[in-house]
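In: Using only what follows, build the 3D model:
(2 chains)
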Amino acid sequence: MFALLRINAASGVSTLEQHNGKEFLLGGRTLSSRLVSREVAADCDPLGRKNKLFFCTGALAGTVTSSANRLSIGGKSPLTGGIKESNAGGIVGTRMAEQGLRCIALEDAPAGDAPWRVVVIGKNGVTIEDGAFLVGKGVYERSDLLSTRYGKGAGCVTIGPAAEKLLSASGIACSDPHGVCSRYAGRGGLGAVMASKKVAALVVLADGPHKPQYVKETEYREESRHVVKLLRENPVSALFTKYGTAAMVDICQSLKVLPTQNFRHGVLDGAEKINAQTMYDTIKARGGEGRTQHACMLPCAIQCSNVYPDADGKLLCSPIEYETMALMGSNLCLTNLDTIATMNRIANDAGVDTLDCGAAIAVAMEAGLAAFGDDQAAIALMREIRDLTPLGRILGSGCKLAAKVLGVRHAPHVLGQAIPAYEPRGTKGMAMTYLSSPMGADHTFGFTLRDESDPLTKEGKVGLSKKFQVIGSRMDAMGMCNFVRYAVRHDMGPLLNLIKSYYDVDISPVEFDDFVKETLRIEHQFNLDAGITAKDYRFAETFYDEAQPETGEKMDITDEETAQARAW
Amino acid sequence: MVTLTFKLTEVGRVNINLPTPLPLSEVVEQIAATSGYRPGGYIAVRGGRVIGAGTMIADGDHIDIFPALSGG
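Out: This next block holds a predicted model:
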């Protein structure tokens, strides 16, 4: 049986339900999207009382298995108007497992002038406490206050000042193993949803008594060791340990898909100044609190995260991921890692998605509010978001809105969610994926680059994208880290064997993929019911009219083709 | 002479003599056998264009080999 804890944000009443079935067993996105689909009216106001937030752990949460403690958060997105699942690393998943919880549901909403609350979950039940001590404070300060009050080991979920103002690019920050709320479920504006319920933080205490009850513990541990071996021996997942996702800068530069100058170009002059080797060398040279190998959750054999220090060796930002290096770096024509790290830190403190804000700042630059390549101007615009100035609130609402207000046609988004990682005209496979994700442009969904023999043609890309939509969604489907997929790309057996020896439940690879496909069907249906139509799954018209200079390519994928790529 | 540069690895740049053209995959396997490079998934770029495992490699080619990572 799996526990679902419902908390009514208006009345403060909580109820505990017990559920069975494979959707609860798998947890993760399998569960969160089904619950959203069933319990959230697709046409509701995402910031109203009918929206819900579901926090779900995965099938192997709380066990000895590497990289198995992702927290999946689902709801209706104020950014896209459709369904959203956003997941984060950190320790909250572990703490929930220790409390015996598969899912926490935040429901209803109090009146707008109701006081802010902190929801505290521990072995003795749920308490609703005064949250005034957090209001208006940045996420870093909130982290410190929450750690002080509830202990560094508590799993805390919080929001920043941007979410308090219901900005659509606001995310949800979760505790990392050091007690800092640095692991973000950043995309889709779910921070604003949490704020709409006047919940300043949700705390899962470290007093949970539950331990995993393996049906066959010896076999389980042996299979877990096998998974670690697979991760360490896989040459791709092993590379993440040294360079993290920053390795993508060189790859994308070479493929001419590095987002540059508001997605006008795919190549950045000076990209080597912000690439993986430069970041690695900088972290090593500065020492101090810097780390090139860092785990966002425990246990984890991949440890792709990093801690980027300032010139004095003190932590400036942790982590810096490729997508931020692209959207807050190359996309703004910036070639200084310290600038990117500073902007990332400000974004973390404001509680906003670095990708959507980076894209919005690039739009502002194209509108003439600042020059591309101006480090200080970029930092200043990021501060406007943190300080919630009128311009900052526009930028903190995402690039679609920013482009509309500032009069920029070349707005890089799908369904309102900023294109994250690859200039789509240079990779038609990734373009197909962006155009067919139920979440808006999503770089973790359907990664085709490796298998595109010719990225510039759209031929064959419907099938390619669909193939990798399934492969790319498998880890989300059971609450595992996405990078585990490299080790099980051709054979899900090791993970399904773990489910067997933990629960004594058989799930075949075919049945597992059926769950994945059904999840996608459900998500697309939700979007349809929410009023999202085929014409919304498009890039801005400029992507179709204007050629990327480096490749000469325009976007040429049709609505019919993307409809095929969305059909399950 | 064909030059392959294995990016983000200890292998780095490798020059090999190729009297007759060979598919890329065979060239990479030859290098892997002697250098300790473990191919895994990779993305190969020649002249700014992606090439596949079956692409014929000939004398004078310069190819960058990247690990097939993704962002996250």
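In: Show me where chain B has its strands.
Out: B:2-6, B:12-16, B:22-23, B:42-46, B:49-51, B:56-57, B:62-67 (DSSP state E).
In: Mind putting these into JSON lines with mean neighbour count?
Out: All C-beta spots, glycine's among them, are computed from the backbone N, C-alpha and C. Putting the strands of chain B into JSON lines (neighbours: other C-beta atoms under 10 Å in any protein chain shown) gives the following:
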{"stretch": "strand B:2-6", "mean neighbour count": "19"}
{"stretch": "strand B:12-16", "mean neighbour count": "13"}
{"stretch": "strand B:22-23", "mean neighbour count": "16"}
{"stretch": "strand B:42-46", "mean neighbour count": "20"}
{"stretch": "strand B:49-51", "mean neighbour count": "18"}
{"stretch": "strand B:56-57", "mean neighbour count": "18"}
{"stretch": "strand B:62-67", "mean neighbour count": "21"}
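In: possible to save these as CSV with distance to chain A and mean pLDDT?
Out: Below are the strands of chain B laid out as CSV (distance: least, C-beta to the nearest C-beta, whole Å; pLDDT from 0 to 100):
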stretch, distance to chain A, mean pLDDT
strand B:2-6, 10, 92
strand B:12-16, 12, 90
strand B:22-23, 13, 93
strand B:42-46, 5, 86
strand B:49-51, 6, 84
strand B:56-57, 13, 93
strand B:62-67, 5, 89
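In: CSV for the ones you listed, including distance to A:Ser508?
Out: CSV is the format used below for these (distance: least, C-beta to C-beta, whole Å):
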stretch, distance to A:Ser508
strand B:2-6, 38
strand B:12-16, 43
strand B:22-23, 35
strand B:42-46, 31
strand B:49-51, 35
strand B:56-57, 40
strand B:62-67, 31
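In: Out of those strands, flag the one nearest A:Ala350.
Out: Set against A:Ala350 and scored by C-beta to C-beta, the strands of chain B come closest in strand B:62-67, at 33.5 Å.
In: So in that sheet, which strands flank the closest one, and in what orientation?
Out: Strand B:62-67 has its sheet partners listed here by DSSP bridges as strand B:2-6 (parallel), strand B:42-46 (antiparallel).
In: Can you report phi and psi for A:Glu546?
Out: Recorded main-chain torsions at A:Glu546 are phi -110, psi 140, according to degrees, to the nearest 10.
In: Near it, how many other residues are there?
Out: Close neighbours of A:Glu546, defined as other C-beta atoms under 10 Å in any protein chain shown, add up to 15.
In: For it, give me its contacts.
Out: A:His410, A:Lys554 (C-beta atoms under 8 Å, 6 or more residues apart in numbering or on different chains).
In: returning to that earlier point: nearest to A:Ser14, of the strands paired with strand B:62-67?
Out: Of all the strands paired with strand B:62-67, strand B:42-46 comes closest under C-beta to C-beta, at 49.5 Å.
In: List the contacts of the closest one.
Out: So strand B:42-46 is in contact with A:251, A:254-255, A:449-450, B:24, B:28, B:50-53, B:55, B:61-68, going by C-beta under 8 Å, 6+ apart.
In: Relative to the whole chain's centre, how far out is that strand?
Out: From the chain centre to the centre of strand B:42-46 is a distance of 7 Å (C-alpha atoms, centre = their mean, to the nearest Å).
In: Same question for stretch A:542-561.
Out: 27 Å.
In: in that stretch, what's buried?
Out: A:Thr542, A:Phe543, A:Gln548, A:Glu550, A:Thr551, A:Glu553, A:Met555, A:Ile557, A:Glu561 (16 or more other C-beta atoms under 10 Å in any protein chain shown).
In: hmm, stretch A:246-262 touching chain B?
Out: Yes: under the criterion of C-beta under 8 Å from any C-beta of the partner chain, chain B is reached by stretch A:246-262 at A:Ala247, A:Met248, A:Asp250, A:Ile251, A:Ser254, A:Leu255, A:Lys256.
In: how about the residues of the stretch 451-568 of chain A that lie near chain B?
Out: Residues of the stretch 451-568 of chain A lying near chain B (C-beta under 8 Å from any C-beta): A:Glu452, A:Ser453, A:Asp454, A:Pro455, A:Asn482, A:Phe483, A:Tyr486.
In: In a markdown table: those residues, plus secondary structure and pLDDT.
Out: Compiled in a markdown table, these are given as follows (DSSP: H, G, I helix; E, B strand; the rest coil; pLDDT from 0 to 100):
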| residue | secondary structure | pLDDT |
| --- | --- | --- |
| A:Glu452 | coil | 85 |
| A:Ser453 | coil | 81 |
| A:Asp454 | coil | 88 |
| A:Pro455 | coil | 92 |
| A:Asn482 | helix | 88 |
| A:Phe483 | helix | 85 |
| A:Tyr486 | helix | 83 |
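In: Report the separation between the closest residue to chain B within the stretch 1-150 of chain A and A:Asp176.
Out: With C-beta to the nearest C-beta, the shortest gap between the stretch 1-150 of chain A and chain B falls at A:Gly89, namely 10.0 Å. The gap separating A:Gly89 from A:Asp176 is 7 Å, by C-beta to C-beta, to the nearest Å.
In: Between those two, which is the more surrounded one?
Out: A direct count of neighbours by other C-beta under 10 Å for A:Gly89 and A:Asp176 places A:Gly89 higher, at 28 against 24.
In: pLDDT on stretch A:149-156, on average?
Out: Averaging pLDDT along stretch A:149-156 gives 96.
In: scratch that, stretch A:176-193 is what I was asking about
Out: 94.
In: got the angle for the lowest-mean-pLDDT helix or strand in chain A vs strand B:62-67?
Out: For chain A, using mean pLDDT, DSSP states H and E, the weakest element among its helices and strands is helix A:235-243, scoring a mean of 73. For helix A:235-243 against strand B:62-67, the angle by axes from the mean of the first three to the mean of the last three C-alpha atoms, to 10 degrees is 90 degrees.
In: Need the overlap of contacts for A:Gly89 and A:Asp176.
Out: Common neighbours of A:Gly89 and A:Asp176 (C-beta under 8 Å, 6+ apart) are A:Arg183, A:Cys296, A:Met297.
In: For chain B, state which of those residues is nearest.
Out: Using C-beta to the nearest C-beta, A:Cys296 comes nearest to chain B of those, at 10.5 Å.
In: How about the contacts made by the closest one?
Out: A:Cys296 touches A:Gly89, A:Gly90, A:Asp176, A:Pro177, A:Arg183, A:Cys304, A:Ser305, A:Pro319, counting by C-beta under 8 Å, 6+ apart.
In: Go again with 7 Å.
Out: Neighbouring residues of A:Cys296 by C-beta atoms under 7 Å, 6 or more residues apart in numbering or on different chains: A:Gly89, A:Gly90, A:Asp176, A:Arg183, A:Ser305.
In: ok, which pair from these is furthest apart?
Out: A:Gly90 and A:Ser305 (10.4 Å).
In: between the two, which one's more packed in?
Out: Neighbour tally, A:Gly90 and A:Ser305, criterion other C-beta under 10 Å: the higher count belongs to A:Gly90, 28 against 24.
In: So that one, which state does it fall into?
Out: Here A:Gly90 is coil, with the state taken from DSSP: H, G, I helix; E, B strand; the rest coil.
In: Run a quick check on it versus A:Cys174, I expect a contact.
Out: Yes: applying C-beta atoms under 7 Å, one finds A:Gly90 in contact with A:Cys174, separated by 4.0 Å.
In: From what I see, the residue of the stretch 1-150 of chain A closest to chain B and A:Met297 are in contact.
Out: Yes: the pair A:Gly89 and A:Met297 passes the contact test of C-beta under 7 Å, sitting 4.4 Å apart.
In: contacting residues around A:Gln417?
Out: A:Leu79, A:Thr80, A:Arg187, A:Gly188, A:Asp356, A:Met439, A:Gly440, A:Ala441.
In: List the beta-bridge partners for it.
Out: A:Val414.
In: Next one: it from A:Gly398, what distance?
Out: From A:Gln417 to A:Gly398 the distance is 7 Å (C-beta to C-beta).
In: So for the two, which residues contact both of them?
Out: With C-beta under 7 Å, 6+ apart as the test, A:Gln417 and A:Gly398 both reach A:Leu79, A:Asp356.
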